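what follows is a predicted protein model with its sequence.
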Amino acid sequence: MRIRTPAVAGMFYPKEKSKLEQSITNSISSEFGIGQIHQKKEKIYGAICPHAGYMYSGPVATHSFESIASQDFDTAVILGPNHWGIGCNIATMKDCSWETPLGPVEVDSDAAKQINEISRIIEIDYFSHTREHSIEVQVPMLMQFYKKPFKILPIILNDQDYEYMQEVGNAVAKLARERKTIIIGSSDFTHYEPNDFAYKQDKALIEPILKLDVEKFYEILNERRVSACGYGAIASTMIACKELGATQGKLLKYATSGDIAGDKSSVVGYASIVFS
């Protein structure tokens with residue numbers, strides 16, 4: 001079995017176990033974090049989580065992960081954009097373990113083979129995942145919140161157009177009907193704009209997400225040119241969750257890097273959203 005070594009440990013999150021655990025604890029207790037952890041019993045089909053460095057988006061991410069932690073799943077399907085543009089157009093992987101500072105997490109190879117059979121546009125390719133952070137940063141946070149054994153099914157996206165994401169979302173839903181899964185769409189929202197403008201852009205884009213209206217989501221994304229990097233991950237998560245029975249999205253937390261770090265001249269937007 002191959003080992004995928006971390007691409008951004010020591011940059012996006014600490015590479016030492018104790019420092020990483022403390023970083024997540026700090027995210028929880030931040031004024032933008034979840035604070036005290038509660039045990040929610042509401043059925044959650046999936047969630048949107050940010051993927052910047054923990055010092056920026058970690059506090060917002062804790063809101064989604066707290067909801068995810070109350071669910072019962074064996075496989076976390078994690079969709080994220082391919083910022084490097086390397087490898088296949090859309091790819092999962094198999095026969096691999098992801099190394100993290102908190103220990104290894106195995107890829108669900110059976111699920112990878114199955115989703116490749118469901119949709120051939122989801123290819124199996126290790127290389128596509130080697131440098132990307134959008135999926136990697138979700139894994140330690142998930143391990144820290146969800147205490148049961150689980151595997152991951154990473155799906156990395158180059159082409160995030162509506163037609164592709166429709167097929168990916170439907171394939172994930174078909175897979176999820178036969179397995180105990182949680183679906184995580186990894187994305188940040190507006191990039192490198194003044195704080196007030198980022199709020200306006202992201203508020204407009206979040207509205208159709210909460211209504212599970214994928215067509216309106218793409219319409220606003222394109223008309224307003226919202227620079228959400230993982231829009232395909234958001235869309236495919238929405239499509240899969242709606243297919244599985246979700247009727248609404250719920251915004252748990254929104255904040256920007258400016259809110260958290262103080263410099264509001266050029267910020268990135270982060271949101272935690274769950275689908276139930």
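Alright, I've got the coordinates.

now stretch 203-221: mean pLDDT?
The average pLDDT within stretch 203-221 is 98.

no, scratch that, I was asking about stretch 78-85
For stretch 78-85, the mean per-residue pLDDT is 97.

from start to finish, how long is it in a straight line?
18 Å (CA to CA, to the nearest Å).

how about the strands in this protein?
Under the criterion DSSP state E, strands of the chain are mapped to 2-4, 46-49, 75-81, 90-92, 96-98, 105-106, 123-124, 151-157, 181-186, 191-193, 249-256, 267-275.

looking at those, spot the one closest to residue 242.
Closest approach to residue 242 among the strands of the chain (CB to CB): strand 267-275, 7.7 Å. Yep, even glycine has a C-beta here, placed from its N, CA and C like the rest.

I'd say residue 199 and residue 258 touch.
No. In this structure residue 199 lies outside contact range of residue 258 using CB atoms under 8 Å: 9.7 Å.

next one, pLDDT for the residue nearest the centre of the chain please.
Of all residues in the chain, the one closest to the mean position by CA atoms, centre = their mean is residue 186, 2.3 Å from it. Residue 186 carries a pLDDT value of 98.

that one contacts residue 132, correct?
No. Residue 186 lies out of contact with residue 132 (CB under 8 Å); the separation is 9.7 Å.

quick one: common contacting residues for those two?
With CB atoms under 8 Å, 6 or more residues apart in numbering applied, the overlap between the contact sets of residue 186 and residue 132 consists of residue 80.

on that earlier part again, what's the most buried one of the strands of the chain?
Ranked by mean neighbour count, the strands of the chain are led by strand 46-49 with a mean of 31 (mean count of other CB atoms under 10 Å).

helices and strands around that strand, which ones?
With contacts taken as 3 or more CB pairs under 8 Å, 6 or more residues apart in numbering; DSSP states H and E, strand 46-49 sits against helix 54-69, strand 181-186, helix 231-244, strand 267-275.

how close does the residue nearest to residue 37 when sequence neighbours are not counted sit to residue 179?
Excluding its sequence neighbours, the residue lying closest to residue 37 (CB to CB, 6 or more residues apart in numbering) is residue 66, at 5.7 Å. Distance, residue 66 to residue 179, using CB to CB, to the nearest Å: 23 Å.

returning to what we had before: residues in contact with the residue nearest to residue 37?
Under the criterion of CB under 8 Å, 6+ apart, the contact list for residue 66 reads 34, 37-38, 40, 145.

and of the residues you listed, the nearest to residue 76?
Comparing the contacts of residue 66 against residue 76 with CB to CB places residue 145 closest, at 11.0 Å.

show the pLDDT at that closest one.
96.

what's the burial count for residue 89?
16 (other CB atoms under 10 Å).

that one: what's it in contact with?
Residue 89 is in contact with 121, 123, 158-159, 164, counting by CB under 8 Å, 6+ apart.

hmm, back to that, ok, now how distant is the nearest residue to the residue nearest to the centre of the chain once chain neighbours are set aside from residue 19?
Leaving aside its chain neighbours, residue 186 sits nearest to residue 80 (3.7 Å; criterion: CB to CB, 6+ apart). In this view, residue 80 and residue 19 are 24 Å apart by CB to CB.

follow-up on the earlier one: and the residue nearest to the centre of the chain, what are its bridge partners?
residue 49 (DSSP bridges).

residue contacts, it?
48-51, 78-81, 134-135, 137-138, 230, 233.

can you check residue 184 too?
Residue 184 sits in contact with 46-49, 64, 68, 76-79, 138, 142, 237, where contact means CB under 8 Å, 6+ apart.

recalculate using a threshold of 7 Å.
With contacts defined as CB atoms under 7 Å, 6 or more residues apart in numbering, residue 184 is in contact with 46-47, 49, 76-78, 138.
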